[in-house]
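Undergrad: make a model of this:
(one chain, ligands or ions: 3)
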Amino acid sequence: MTPAVATNQTILVVGGGISGVTAALEAAECGKDVVLVEKSPSLGGRTVQLYRYFPKLCHPTCGFEINLRRIKSNPKLRVLTMAEVVAISGKRGDYTATVRISPRYVNESCTACGACADAVEALVENPHNYNLDRMKAAYLPHAMAYPQRYVLHPSIIGTPDAEKAKAACKYGAIDLGMQEETIQLKAGAVIWATGWQPYDASKIQPYGYDRFANVITSVEFERLADPQGPTGGRIVRPSDGREAKNIAFIQCAGSRDENHLRHCSRICCMASLKQTQFVREAYGDAARSTIYYIDIRAIDRFEDFYKKVQADPTVTFVKSKVAKIEEDRKSGDPVLHGVDTEGYKRYANPHDLVVLAIGMEPSVKGSMIPAAILEDSSGFLSPVSESSGVFGAGCATNALDVNRAVQSSTAAALRAIQVIHEVSGVSR
Ligand SMILES: Cc1cc2nc3c(=O)[nH]c(=O)nc-3n(C[C@H](O)[C@H](O)[C@H](O)COP(=O)(O)OP(=O)(O)OC[C@H]3O[C@@H](n4cnc5c(N)ncnc54)[C@H](O)[C@@H]3O)c2cc1C
Ligand code: SF4
Ligand code: SF4
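TA: Ligands and ions are numbered 1, 2, ... in the order given. Predicted coordinates:
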C-alpha cells in the first residue's frame, strides 16, 4: 500500500464532473490543497456527453476548456483518474480515505498519437456514446479528454492485441505490468460530487425500451445529435438508419411515478424542449417533434426558452401521459397509445423515433457512502451537515442544471474551506 499523502488541511473532492471540478477549483484558487478523485479515465462527467446546453444552445466543451486551463495552471490541485474512494474513516477535520486506483496501462509519456488504437483489433462498447457504438480497445475516452492519455481496456491484457499496442507505441508509454493500487489520503473535509445516472429505461415496461429499437433515451439522443457521436450527428433510426424526422418525446419517463422515481427530475422538460431544436436544425421545416407531457416545468429564466419552442411550428404539445408503446412490425414505427386530456380523445400515433425523457437519480445514494451524510427519500445527499465535514455538491444532491450544479459546488467549497480554517486554527 502506498503511504498516506495529503494532510488534514487537504480538501478531498469525489467525482470529477462539472460539480467536482468546480468545487475543486474554487477551493484550490483560495489557496487550499485539493485532491480530486474521478473513477472514469477522464474529467467532465455527463456534461461532456451533451451535444449543446439549454437555454443558449452553446457547446459544453467551451466552458470545459476554460476549466481545464484553470486546472493545468493550479499547483494546489492534484487530479487522480480511474480512482474510487472505497472507505473513509475519521471525523470532521481529520479523515483518512482509502482510494482504489485501476490500471490504465498507459503512463504519462503518452502523446495521444493514436498508433496503439490503429494496431489493436478488439472492439469494446463505447460508454461515452452510451454504448450506441463500439470503439477500439485502446482508446482516448473522447476528443477533449483530460488527461489526454489513452487507456487500454482490461479485456485485452494478456492477449496478442496488448502486445501489438505496446509494439506500436514509439514513446514507451504502454506499461502492461501496471496493477491495481490502493492509496490512503488524509483530508480535513470531503466534498461528494458523484453526480447522477439515467434511470434504467428498461424498467418502464409499457414503453418497450428493451424491446423496440426505435425507442431510445434522452441521453442517447444527445449523442445521436452530436457530430462527434456514433452517427456523425445524423438523427437516424437505430433499426434501419432511416432519417428520423417525426419524433415523439415522452416526458416524466420514470419520474413522478410511485413505481419508479417519486421525484420530478426537473431537467427533462428543458432537455426535451432543447432537443426539438436539434431536430429542427437537422431537418428544417420538415422536422416534426411532438412532446407528450403532464406539465412542462421550465423554471425561472427558462420560461423564455419554453415560449420560443412553443412558437415553433415544427413542435406540437400533447397533454397526456402515454399509456403504452406498440411497434408496427412492418414499418418498425413505435405507435403511442393514450388519451389526450385536452378534449379527452384517444390516440394511436405512429412516429419514426421515440425519445424517453428519462429521470435522473443519484449515481451514488447516500446510504452507499462510507461516511456520515444525510440523504433524502430519493437517495440524494444533503449539501449541509452540522457535525460532519462531508458535504454533497451538484447533482449528487438533486437533479440540477449545470448553472445550479455549479452554484451548489461553490457553496460546498466554501463549507469545506470553513472546516480547514477550523483545523488550522486548532493547530496554530
Ligand atoms: C438528457 C439531459 C440533457 C441535459 N442537458 C442539459 C443542458 O442542456 N444544460 C444544463 O444546464 N444541464 C443539462 N443537463 C443536466 C446536466 O447533465 C447536469 O447538471 C450535470 O451533469 C451535473 O454535473 P455533476 O458534476 O453534478 O454530475 P455528473 O455529470 O454526473 O458527474 C459526476 C462525476 O462523478 C464521477 N463519479 C461517480 N461516482 C464516483 C465515485 N464513486 N468515485 C469517483 N468518481 C465518481 C462520475 O464518473 C462523473 O464524472 C441535462 C441532463 C439530461 C438528463
Ligand atoms: S499509448 Fe503510445 S501509441 Fe498509444 S496514443 Fe499514447 S503515445 Fe500513442
Ligand atoms: S422535469 Fe418535466 S419531464 Fe422531468 S420529471 Fe419534471 S415534469 Fe416530468
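Undergrad: can you count the residues close to the closest residue to ligand 1 within the stretch 151-300 of the chain?
TA: Ligand 1 sits closest to residue 195 of the stretch 151-300 of the chain, with a gap of 2.1 Å, by C-beta to the nearest ligand atom. In this view, the C-beta of every residue, glycine as well, is placed from N, C-alpha and C. By the criterion of other C-beta atoms under 10 Å, residue 195 has 25 neighbours.
Undergrad: thought it was touching residue 395?
TA: Yes. Counting by C-beta atoms under 8 Å, residue 195 touches residue 395, with 4.7 Å between them.
Undergrad: shared neighbours of the two, anything?
TA: Residues touching both residue 195 and residue 395 (C-beta atoms under 8 Å, 6 or more residues apart in numbering): 17, 19, 362.
Undergrad: what about residue 405, distance to residue 366?
TA: From residue 405 across to residue 366, the span is 17 Å (C-beta to C-beta, to the nearest Å).
Undergrad: tell me which of the two has more neighbours.
TA: With other C-beta under 10 Å as the criterion, residue 405 and residue 366 differ in neighbour count, and residue 405 comes out ahead with 28 against 21.
Undergrad: wait, doesn't the more buried one sit right on residue 23?
TA: No. In terms of C-beta under 8 Å, residue 405 does not count as a neighbour of residue 23; the distance is 10.0 Å.
Undergrad: could you dump the shared contacts of residue 195 and residue 395 to CSV with secondary structure?
TA: Output for those, formatted as CSV (DSSP: H, G, I helix; E, B strand; the rest coil):
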residue, secondary structure
17, strand
19, helix
362, strand
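Undergrad: out of those, which is nearest to residue 133?
TA: residue 17 (22.6 Å; C-beta to C-beta).
Undergrad: how many residues are close by that closest one?
TA: Counted with other C-beta under 10 Å, residue 17 comes out at 27.
Undergrad: contacting residues for the residue lying closest to it once chain neighbours are set aside?
TA: Leaving aside its chain neighbours, residue 17 sits nearest to residue 45 (2.2 Å; criterion: C-beta to C-beta, 6 or more residues apart in numbering). Shown in contact with residue 45 (C-beta under 8 Å, 6+ apart): 15-20, 195.
Undergrad: residue 43 reaches residue 21, doesn't it?
TA: Yes. Using C-beta under 8 Å, residue 43 is in contact with residue 21, at 5.9 Å.
Undergrad: between those two, which is the more surrounded one?
TA: More neighbours surround residue 21 than the other of residue 43 and residue 21, with 31 against 26 (other C-beta under 10 Å).
Undergrad: appreciated, that's everything.
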